[in-house]
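> Here is the input, now give the coordinates:
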Amino acid sequence: MWVIQRLHLILWGPWTLVLFLGTGSWFFVRSKGFPVRRFGYWWNRTVGTVWKTTGTSESEENGEKAAITVFQSACTALAATIGTGNIVGVATALTAGGPGALFWMWVCALIGMATAYAETSLGQKFRFRREDGTWMCGPMIYMERGLGSSFLGIFYAISACLASLGMGSMVQANSIRETLEYSFGVPQIFGAVLIVVCCWLVIGGGTGRIARVSERLMPMAAGIYLLFSVAVIVQCLPVLPSVIAGIFEDAFCFRAAGGGIAGALFSKSVRYGMARGVFSNEAGLGSLAVLHGAAEKTTPEEQGMWAMFEVFFDTVIVCTMTGIVILCVQRQAGESALRFGDGAALAAWCFGRKLGIVGEWMVSVSMMVFAFATIIAWYYMGEQNVQYLGMRVSGPGWIFINKNLYRMVYLGSVCIGSLCRLDLVWALADLCNALMAYPNLLSLWLLSKSVVFPRNLGYEKDE
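Sure thing, here's the model as predicted:
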């Protein structure tokens with residue numbers, strides 16, 4: 001464990017912050033502030049076209065060959081990015097960094113939108129169809145086909161597979177099982193079996209079923225959570241102006257500039273919070289490039305803008321609603337709220353204080369839905385990397401990375417995660433995330449000239 005902690009300290013040191021923010025800032029400047037300056041443009045071409053892109057995929061009988069619509073691809077990516085961190089992570093960030101943490105979260109989200117655009121558009125530009133007609137897409141592909149480095153691609157794929165078994169399955173499953181036990185009295189073993197069975201029913205149907213479940217699950221879950229958040233904020237309108245003012249005031253004082261950024265982006269500390277949150281939206285890890293890979297009838301620019309929307313929705317909307325709820329209720333309750341600590345307990349207490357037991361249940365159900373959606377989305381993420389590794393391994397080695405074997409291993413990880421303590425798993429998952437981020441961010445720098453923003457294509461003339 002000591003070795004893992006030392007590696008964690010090295011891989012998630014201050015230089016990692018510089019690398020993440022520096023990469024995002026570079027693409028933000030190259031785009032001439034496109035994520036902010038042309039907000040209306042990319043919003044209209046993502047959310048504004050949702051009714052045109054929500055067609056149905058091919059029949060389930062086609063299994064892995066089912067066509068994935070642009071909207072389904074976006075929902076799958078949202079499923080991976082919106083997780084328990086949107087509730088627990090924000091509560092912890094505010095406790096550690098103060099109200100100003102929320103402001104710095106917004107700043108880094110806007111920068112992260114440029115990174116998300118870059119990696120997703122590159123994924124689309126270098127993707128290719130396999131012999132079975134399905135797409136192969138992701139950082140491992142633009143590392144190999146864009147940079148000509150199979151080594152980087154294989155290194156990234158291995159790291160992503162390991163991360164999917166830790167952060168993607170075990171950690172999320174543990175959150176669901178604990179919520180079932182402590183909020184609804186479901187025995188541990190029954191909770192574990194229920195989670196595994198539900199996951200098997202979804203991922204057993206392949207890419208098409210994962211996309212269809214995400215398409216139905218994420219809009220409904222996010223909509224319900226935001227509706228309850230608005231209900232709490234409406235009850236706190238008298239203190240809302242002072243809360244907003246406090247966010248900006250705290251953000252620009254010396255304490256908030258250090259502790260606030262650390263709290264907003266990195267939870268309780270710079271190392272562990274940043275590693276676990278990864279800007280709350282995975283921009284820079286390369287996972288968005290994989291999750292958008294199966295979308296049909298699209299362009300690199302369109303998928304890049306959808307990735308920007310996902311980062312914006314995840315952090316600027318969902319995380320902000322959580323933060324405002326906590327800050328408003330705390331402002332009205334005074335010091336009595338502090339005894340509930342941070343994380344899920346504080347968030348549940350804030351919702352429960354205004355909405356009663358229904359509010360507490362809502363937080364619990366939201367966390368379970370978000371976590372389950374993350375599990376199935378990260379399965380797709382891991383499976384794509386497993387298949388890439390399979391393409392690079394010949395002979396008997398293919399047996400060990402066959403996607404069917406990976407499916408069993410993944411379900412086993414879900415089961416183990418539901419039943420055990422995850423201190424070591426958290427640390428290992430953080431390391432795998434760092435091992436994904438470093439080669440991906442390096443590749444983004446080296447391929448930056450291949451990233452074309454809509455303003456360079458004349459798209460803005462259509463507006």
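
> what are the phi and psi values for residue 129?
phi -90, psi 140 (degrees, to the nearest 10).

> Which residue comes closest to it once chain neighbours are left out?
Excluding its sequence neighbours, the residue lying closest to residue 129 (Cβ to Cβ, 6 or more residues apart in numbering) is residue 135, at 6.0 Å. C-betas here are computed from N, CA, C, even on glycine.

> Report the separation between the one you found and residue 124.
9 Å (Cβ to Cβ, to the nearest Å).

> Find the residues that touch each one of the two.
residue 293 (Cβ atoms under 8 Å, 6 or more residues apart in numbering).

> What separation do you get for the residue positioned nearest the centre of the chain and residue 116?
The centroid of the chain falls nearest to residue 81 when counting by Cα atoms, centre = their mean (1.8 Å). In this view, residue 81 and residue 116 are 9 Å apart by Cβ to Cβ.

> and what of residue 15?
Counting by Cβ to Cβ, the gap from residue 15 to residue 116 is 21 Å.

> quick one: which of the two has more around it?
residue 116 (36 against 11; other Cβ atoms under 10 Å).

> close enough to count as contact, the residue nearest to residue 129 and residue 294?
Yes - if you go by Cβ atoms under 8 Å, residue 135 and residue 294 touch, sitting 5.3 Å apart.

> Looking at these two now, which is surrounded by more residues?
Neighbours of residue 135 and residue 294, each counted by other Cβ under 10 Å, are more numerous for residue 294; the result is 26 against 20.

> Now do the same contact list for that one.
68, 73, 134-135, 137, 207, 211.

> how about the helices in the stretch 51-200 of the chain?
Along the stretch 51-200 of the chain, the stretches classed as helices by DSSP state H, counting those that start in this stretch are 70-81, 88-97, 100-126, 139-141, 150-163, 171-184, 188-203.

> which of the residues in the third one are buried?
Judged by neighbour count (16 or more other Cβ atoms under 10 Å), helix 100-126 contains these buried residues: 100-106, 108-126.

> The longest helix anywhere in the chain versus helix 188-203: what angle between them?
Taking DSSP state H as the criterion, the chain has its longest helix at helix 343-392. Inter-element angle recorded for helix 343-392 and helix 188-203: 50 degrees (by axes from the mean of the first three to the mean of the last three Cα atoms, to 10 degrees).

> Let me see the mean pLDDT of helix 343-392.
The average pLDDT within helix 343-392 is 83.

> following it, which helix or strand comes up?
helix 403-419 (DSSP states H and E).

> How far does that next one sit from its chain's centre?
In terms of Cα atoms, centre = their mean, to the nearest Å, the centre of helix 403-419 is found 20 Å from the chain centre.

> can you give me the angle the very next helix or strand once past that helix makes with helix 343-392?
For helix 403-419, the following helix or strand on the C-terminal side (DSSP H and E) is helix 423-446. Inter-element angle recorded for helix 423-446 and helix 343-392: 60 degrees (by the same axes, to 10 degrees).

> Give the buried residues for helix 423-446.
Per 16+ other Cβ under 10 Å, helix 423-446 contains these buried residues: 425-444.

> helices or strands up against that helix?
If you count contacts as 3 or more Cβ pairs under 8 Å, 6 or more residues apart in numbering; DSSP states H and E, helix 423-446 packs onto helix 2-11, helix 14-30, helix 100-126, helix 139-141, helix 150-163, helix 171-184, helix 270-277.

> which one of these lies closest to residue 47?
Shortest distance between residue 47 and the helices and strands packed on helix 423-446, using Cβ to Cβ, is found for helix 100-126: 14.2 Å.

> avg pLDDT for that closest one?
86.

> Same question for stretch 145-152.
The model assigns stretch 145-152 a mean pLDDT of 91.

> Next, report how far that stretch is displaced from the centre of its chain.
Mean-position distance between stretch 145-152 and its chain equals 25 Å (Cα atoms, centre = their mean).

> mind listing what's buried in that stretch?
145-147, 149, 152.

> which one of those residues is nearest residue 362?
Nearest member of the buried residues of stretch 145-152 to residue 362, counting by Cβ to Cβ, is residue 152, at 43.4 Å.

> how many other residues sit next to the spatially closest residue to the closest one that is not a sequence neighbour?
Nearest non-adjacent residue to residue 152, counting by Cβ to Cβ, 6+ apart: residue 143, 4.2 Å away. Neighbour count for residue 143, taken as other Cβ under 10 Å: 28.

> Now do the same contact list for residue 143.
So residue 143 contacts 149, 152-153, 156, 439, 443 (Cβ under 8 Å, 6+ apart).

> Test for you: state the pLDDT assigned to the closest residue to residue 417 other than its chain neighbours.
Once flanking residues are discounted, residue 417 sits nearest to residue 170: 2.9 Å by Cβ to Cβ, 6+ apart. What the model reports as pLDDT for residue 170 is 84.

> next one: the one 3 residues further on
According to the predicted model, the pLDDT of residue 173 comes to 86.

> count of neighbours near the spatially closest residue to it that is not a sequence neighbour?
Among residues not flanking residue 173 along the chain, residue 417 sits closest, at 3.9 Å (Cβ to Cβ, 6+ apart). Counted with other Cβ under 10 Å, residues neighbouring residue 417 total 26.

> Distance check, residue 417 against residue 164.
Residue 417 is 12 Å from residue 164, by Cβ to Cβ.

> And residue 443, by the same measure?
From residue 443 over to residue 164 the distance is 20 Å, taken as Cβ to Cβ.

> Next: residue 178.
Distance from residue 178 to residue 164, by Cβ to Cβ: 21 Å.

> go on, residue 245?
Where residue 164 is concerned, residue 245 sits at a distance of 42 Å (Cβ to Cβ).

> cool, residue 329 as well?
36 Å.

> and the angle for the helix or strand containing residue 310 with helix 14-30?
Assigned by DSSP H and E, residue 310 falls within helix 300-311. With the same axes, to 10 degrees as the basis, helix 300-311 and helix 14-30 are set at 130 degrees to each other.

> Touching helix 300-311 from outside, list them.
Here helix 300-311 has contacts from 35, 42-43, 45-47, 70, 73-74, 77-78, 81, 109, 112-114, 116-125, 279, 281, 283, 288, 292, 295, 452-454, 457, 459, using Cβ under 8 Å, 6+ apart.
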